[in-house]
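>>> just to be clear, the model below is a prediction. Sequence and coordinates:
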Amino acid sequence: MNPVAESKKILRKEMLARRRNLSQAVIAAESKAIEQALEGWPLYQQANAIMIYVALADEPQTLLLIEQTLLRNKQICVPFIGEKAGIMEASMIESLTELAPGKYGILAPVKEKLRNIQPECIDLILVPGVAFTSHGQRLGMGAGYYDRFFDQAHNALKIGLAFKCQIIEEIPCEGHDHSIDYLATKDGIINCKTGKM
């Protein structure tokens with residue numbers, strides 16, 4: 001393993017432990033503040049096709065946000081991980097009732113009901129992560145699903161969702177690692193070009 005990949009692996013373990021130690025109260029409160037920041041953000045309000053990840057228990061929660069955004073008559077798609085290793089698709093949904101536990105236990109549309117959207121048609125992608133910097137560096141789980149998807153989603157703005165404890169000064173990066181454009185936190189939306197809200 002190369003030194004950068006090794007550094008990322010060590011950092012990932014440390015940051016996952018930090019995230020998994022958060023109380024339910026902190027997760028709920030910060031998730032609510034992140035959701036409110038997004039709903040009041042003009043770029044979110046203007047986007048038509050939005051890809052929203054379905055959160056694991058220790059990530060910024062998104063189910064209520066998906067529900068609220070569906071009420072605004074926007075096109076909502078969620079990630080679908082198929083059989084092919086490292087490849088993710090985006091499938092349209094009209095209701096949370098269309099989701100069932102999929103790969104890694106993550107809620108996703110059932111295979112028979114997939115309505116895929118072309119990645120280049122997506123305006124905004126909400127991105128999970130293990131750690132972020134305010135300048136757009138992101139550390140994922142290590143499988144590369146999002147980085148490969150970003151290679152095709154040329155028109156989409158990428159916004160990470162992060163608890164306060166997930167934002168750090170620096171993340172070791174490799175050539176295939178994509179940066180995000182914005183970061184949604186409990187305190188508001190950070191523009192990663194400037195590192196400021």
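Cool, the structure landed.
>>> give me the below-cutoff pLDDT ranges for the protein.
1 (pLDDT under 70).
>>> now do the strands in it.
49-52, 75-81, 88-93, 99-101, 107-109, 124-127, 131-132, 138-139, 157-161, 182-185, 188-191 (DSSP state E).
>>> quick one: those strands as a markdown table, columns for distance to Arg20 too.
For the C-beta atoms, the positions are set from N, CA and C on the backbone; glycine is no exception. Shown next, in a markdown table, are these (distance: least, C-beta to C-beta, whole Å):
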| stretch | distance to Arg20 |
| --- | --- |
| strand 49-52 | 22 |
| strand 75-81 | 21 |
| strand 88-93 | 23 |
| strand 99-101 | 20 |
| strand 107-109 | 19 |
| strand 124-127 | 19 |
| strand 131-132 | 13 |
| strand 138-139 | 15 |
| strand 157-161 | 16 |
| strand 182-185 | 19 |
| strand 188-191 | 24 |
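>>> roughly how far apart are the residue most central in space within the chain and Pro3?
Nearest to the mean C-alpha position of the chain, by C-alpha atoms, centre = their mean, lies Val127 at 1.7 Å. Val127 sits 26 Å away from Pro3, taking C-beta to C-beta, to the nearest Å as the criterion.
>>> helices of this structure, start to end?
3-20, 24-39, 42-46, 63-71, 145-152 (DSSP state H).
>>> nearest to Glu98, out of the ones you listed?
Comparison of the helices of the chain against Glu98 by C-beta to C-beta identifies helix 63-71 as nearest, at 10.7 Å.
>>> what does the closest one rub up against?
Residues outside helix 63-71 that contact it (C-beta atoms under 8 Å, 6 or more residues apart in numbering): 35, 38-39, 50, 52, 54-55, 76, 78, 93-96, 126.
>>> derive a ChimeraX selection command for the buried subset of these.
Buried residues among the contacts of helix 63-71 (16 or more other C-beta atoms under 10 Å), as a ChimeraX selection:
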select :35,38,50,52,54,55,76,78,93,126
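>>> Ala184: which of the contacts of helix 63-71 is nearest?
Nearest to Ala184 among the contacts of helix 63-71: Leu38, at 5.5 Å, using C-beta to C-beta.
>>> thinking again about what came up before, quick one: closest of the helices of the chain to Ile167.
helix 3-20 (10.3 Å).
>>> next, the angle helix 24-39 makes with that closest one.
Counting by axes from the mean of the first three to the mean of the last three C-alpha atoms, to 10 degrees, helix 3-20 points 110 degrees away from the direction of helix 24-39.
>>> which residues does helix 3-20 contact?
Here helix 3-20 makes contact (C-beta under 8 Å, 6+ apart) with 1, 58-59, 130-131, 139, 141-142, 163, 165-166, 168, 171-174.
>>> of all those, which two lie farthest apart?
Top of the distance list for the contacts of helix 3-20 (C-beta to C-beta): Met1 and Phe163, 28.0 Å.
>>> of those two, which one has the most company?
With neighbours defined as other C-beta atoms under 10 Å, Met1 and Phe163 compare such that Phe163 has more, 21 against 8.
>>> fine by me, thanks again.
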